[in-house]
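Participant: I'll drop the sequence and a predicted model, then ask my questions.
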Amino acid sequence: MNRIDCSMDDMANTKFLTAYGSLIKQFCTSTDFNYNEVLGLMVVYYKFVKFNGPTAKKMTKKQFYELFLVLFRICDMSIIDRVLLCITNDVRFVIPEAWMQLFSVFLSKDTKLRSQFAYNVYTYSGTTKLNREAVCLAVEKFFEGDDDDEVNELRADMVEFVFNKFDLDKDGIISYSEYAEVVQNQPPLIEFLGQIFPDDNDLTLVALCTNIESKFRSDD
């Protein structure tokens, strides 16, 4: 039989297709990835699952955290927690649907899709908008030191900067529409409250590992 992946023997190939064949077809219609791209992403998912033992069927939450910490080099645990909660309600596992949702956003060049996801991550604490209290809590991690007065002043200055930049109607709340408008004009501000997306080099590595040719970074 044709090998899907050279590191998998015939038995592993058969198990993979049996377990994920119908899902692969589903993801080909529900995502922007083509068949080979879906296949590549699901092979990586399958290898995570295989690591958990012969009877395992899902990627673990621990593996998801390791993916962010080691491959993506995103170490803000509160951000990782919120990303996870935005793609699944399962407290123990990451199912294939959640896996594909994650990379549908991470590998997308659609600013609207990425900004909506980022805003959802920032507001996942229960509110649908960013008020001053939420922003104050978010900026605490950006400033640390022994001089409490200086640190508090820096935090306060950043909060004021954020609201001056994003609170367009000056009502004390940063709505999604305000955030999206700013990001549309200044895309680097999409992650203004902490890194959510892997950088371009790490995304290129993911694209190479999963054979997603359209996402390879060009250096020309």
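Facilitator: That came through fine.

Participant: Just confirm A19 is within a helix.
Facilitator: Yes - assessed with DSSP: H, G, I helix; E, B strand; the rest coil, A19 lies in a helix.

Participant: ok, it - contacts?
Facilitator: Counting by CB atoms under 8 Å, 6 or more residues apart in numbering, A19 touches Y46, K57. Bear in mind the C-beta positions are built from the backbone N, C-alpha and C, glycine included.

Participant: which residues of the protein fall in helices?
Facilitator: Listed in chain order, the helices of the chain (DSSP state H) span 10-30, 35-50, 61-66, 77-87, 96-106, 111-122, 132-139, 148-166, 176-185, 200-209.

Participant: so can I have CSV of these showing mean pLDDT?
Facilitator: Output for these, formatted as CSV (pLDDT from 0 to 100):
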stretch, mean pLDDT
helix 10-30, 89
helix 35-50, 92
helix 61-66, 94
helix 77-87, 92
helix 96-106, 95
helix 111-122, 94
helix 132-139, 88
helix 148-166, 91
helix 176-185, 95
helix 200-209, 83
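
Participant: Quick one, which of those gets closest to E191.
Facilitator: Taking CB to CB, helix 111-122 is the member of those nearest to E191, at 6.3 Å.

Participant: Show me what the closest one is packed up against.
Facilitator: Other helices and strands packing on helix 111-122, by 3 or more CB pairs under 8 Å, 6 or more residues apart in numbering; DSSP states H and E, are helix 77-87, helix 96-106, helix 176-185.

Participant: Can I get the helices of the chain in a markdown table including distance to I4?
Facilitator: Below are those laid out as a markdown table (distance: least, CB to CB, whole Å):
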| stretch | distance to I4 |
| --- | --- |
| helix 10-30 | 5 |
| helix 35-50 | 6 |
| helix 61-66 | 21 |
| helix 77-87 | 25 |
| helix 96-106 | 16 |
| helix 111-122 | 29 |
| helix 132-139 | 42 |
| helix 148-166 | 46 |
| helix 176-185 | 38 |
| helix 200-209 | 14 |
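
Participant: Domain ranges for the chain, per the record?
Facilitator: Domain segmentation of the chain under automatic domain parsing yields 10-108+198-215, 111-191.

Participant: so how far is the shortest one off the chain centroid?
Facilitator: The reference is to domain 111-191. How far domain 111-191 lies from its chain's middle: 18 Å, per CA atoms, centre = their mean, to the nearest Å.

Participant: can you check the first one too?
Facilitator: Here the centre of mass of C-alpha atoms in domain 10-108+198-215, compared against the chain's by CA atoms, centre = their mean, lies 11 Å away.

Participant: what's the most buried one of the helices and strands packed on helix 111-122?
Facilitator: Of all the helices and strands packed on helix 111-122, helix 96-106 carries the top mean neighbour count, a mean of 20, counting by mean count of other CB atoms under 10 Å.

Participant: Other residues contacting it?
Facilitator: If you take CB under 8 Å, 6+ apart as the criterion, helix 96-106 is touched by 20, 23, 27, 30-33, 38, 41-42, 45, 59, 83, 87-88, 90, 113-114, 117, 197-198, 203, 206, 210.

Participant: Quick one, which of the residues you listed are buried?
Facilitator: Among these, those classed as buried by 16 or more other CB atoms under 10 Å are 20, 23, 27, 31, 33, 38, 41-42, 45, 59, 83, 87-88, 114, 117, 197-198, 203, 206, 210.

Participant: sorry, back to before: out of the helices of the chain, nearest to F192?
Facilitator: The nearest among those, by CB to CB, is helix 148-166 at 6.6 Å.

Participant: Much appreciated, bye for now.
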